[in-house]
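> Predicted structure and sequence below. I'll ask about it afterward.
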Amino acid sequence: MMAEAPPDATRIAAEARDRVRFEEEALALSDQVYRVARHLAGSREDAEELVQETYARAFRSWRSYTPGTNLRAWLLRILTNLNIDRGRRNQRAPQMQALEANDYYLYDKLSESDGGLSDEDRVVERLSQDDIVSALSAVPHDFRDVIVLVDIGDFSYQDAAQILDIPIGTVMSRLHRGRRILKRELAESVMEDAL
Amino acid sequence: MTQPHSDPCAHCEEMMQPYLDHILTEAERIEAELHLDECDWCRRRYRFEESLRVYVRQVVTEPMPAALKQKLAALRIPLN
């Protein structure tokens, strides 16, 4: 007859197994976490530090994660809180507050400067990567956070609301306004390039 | 029966984001599509918005630095 392992040892082994599984699942999401962090934080360096702090904290407090719930959203919640705590949000000068334009504004500007465009799918290619990255960073952070989570990070409205701790209706209105601000910023950079 | 909008293209513009987010009601979606079927001007702008979203996502996505990935793995709490 086999001696049963002492209950303590069994419990410790089970906990170790759960923790290793948690760490592996969390690490498997790091590309996605980084993708969002890169544009929530002001710079690449800030993003790297934030991601490291997020994982350090996640590994320490893994017990507060409920298995089976959305781990990616849980990690992002830690990350956005750290980002706010450290004041790492990219602040836009208040006097430069972006105005939103209509939804068709950017297309109209692009087609104006090109004298009638035929292929909509190619119109976007007139925007450079730099245009887009700098336009995105020019969007005030309340709006940008939502765009980064939903349009770049692929989070649902529900998850974004939870991560940012704001009502879902606020997520939707910020998303809609934020996209318009982004398009206005893009239109401005295109007009500057054309000068 | 709802009243036709005095400026159907302005109304269609208002519906563009919710349409592409798939959050319009069935009736609103049909209304938007009826307009898009007959309005090339709005249809082009919807298509542009769709490709813009895809494009933004593509160009802002930077691969995670390999060194960072290693640093994260090193943060794991060792088993003892």
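Great, that's in hand. All values reported here derive from a predicted model rather than from experimental measurement.
> domains of chain A?
When chain A is parsed into structural domains using automatic domain parsing, the resulting residue ranges are A:7-85, A:94-194.
> which stretches of chain B form helices?
Secondary structure of chain B by DSSP state H: the helices cover B:8-20, B:26-38, B:40-60, B:66-74.
> how many neighbours does residue A:64 have?
Taking other Cβ atoms under 10 Å in any protein chain shown as the neighbour definition, residue A:64 ends up with a count of 9. Any C-beta I mention is one placed from the backbone N, CA and C, and that applies to glycine too.
> Could you report the pLDDT at it?
Confidence at residue A:64, expressed as pLDDT, is 95.
> interface residues of chain B facing chain A?
For chain B, the residues found near chain A under the criterion Cβ under 8 Å from any Cβ of the partner chain are B:13-14, B:16-18, B:23, B:44-45, B:47-49, B:51-53, B:55-57, B:59-65, B:68-69, B:71-73, B:75-77, B:79.
> List buried residues within those.
Under a neighbour-count criterion of 16 or more other Cβ atoms under 10 Å in any protein chain shown, the subset of the residues of chain B next to chain A counted as buried comprises B:13, B:16-18, B:44-45, B:47-49, B:51-53, B:55-56, B:59-60, B:64, B:68-69, B:72, B:75-76.
> Surely residue A:22 is in contact with residue A:66?
No - contact criterion Cβ atoms under 8 Å: residue A:22 and residue A:66 do not qualify, at 10.9 Å.
> low-scoring stretches of chain B, by residue?
Applying pLDDT under 70 to chain B picks out residues B:1-4, B:80.
> again, 50 this time
Segments of chain B classed as low confidence (criterion: pLDDT under 50) are B:1.
> among the domains of chain A, which gets the worst mean confidence?
Comparing mean pLDDT over the domains of chain A, the weakest stretch is domain A:94-194, at a mean of 86.
> Is there proximity between that one and chain B?
Yes - in terms of Cβ under 8 Å from any Cβ, part of domain A:94-194 sits within range of chain B, namely A:102-104, A:106-107, A:120-121, A:123-125, A:127, A:129, A:132-133, A:136, A:151-152, A:172, A:175-176, A:179, A:182-183.
> and what of stretch A:63-76?
No - among the residues of stretch A:63-76, none lie within reach of chain B under Cβ under 8 Å from any Cβ; the closest is 11.1 Å away.
> and residue A:50, how far is that from chain B?
Using Cβ to the nearest Cβ, to the nearest Å, one gets 11 Å for the distance from residue A:50 to chain B.
> Quick check: that residue touching residue A:41?
Yes - the criterion here is Cβ under 8 Å, and residue A:50 meets it with residue A:41 at 5.2 Å.
> quick one: contacts for residue 45?
Just so you know, I chose chain A. By Cβ atoms under 8 Å, 6 or more residues apart in numbering or on different chains, residue A:45 lies in contact with nothing.
> if you could check chain B rather than the one you did, that'd help
If you count contacts by Cβ under 8 Å, 6+ apart, residue B:45 has them with A:103, A:104, A:107, B:13, B:16.
> tell me the secondary structure for the nearest residue to the last one once chain neighbours are set aside?
Yep, that's residue B:16 we're talking about. Among residues not flanking residue B:16 along the chain, residue A:103 sits closest, at 5.2 Å (Cβ to Cβ, 6 or more residues apart in numbering or on different chains). At residue A:103 the chain is in coil, as set by DSSP: H, G, I helix; E, B strand; the rest coil.
> Equivalent analysis for residue A:109, please.
Here residue A:109 is recorded as helix under three-state DSSP.
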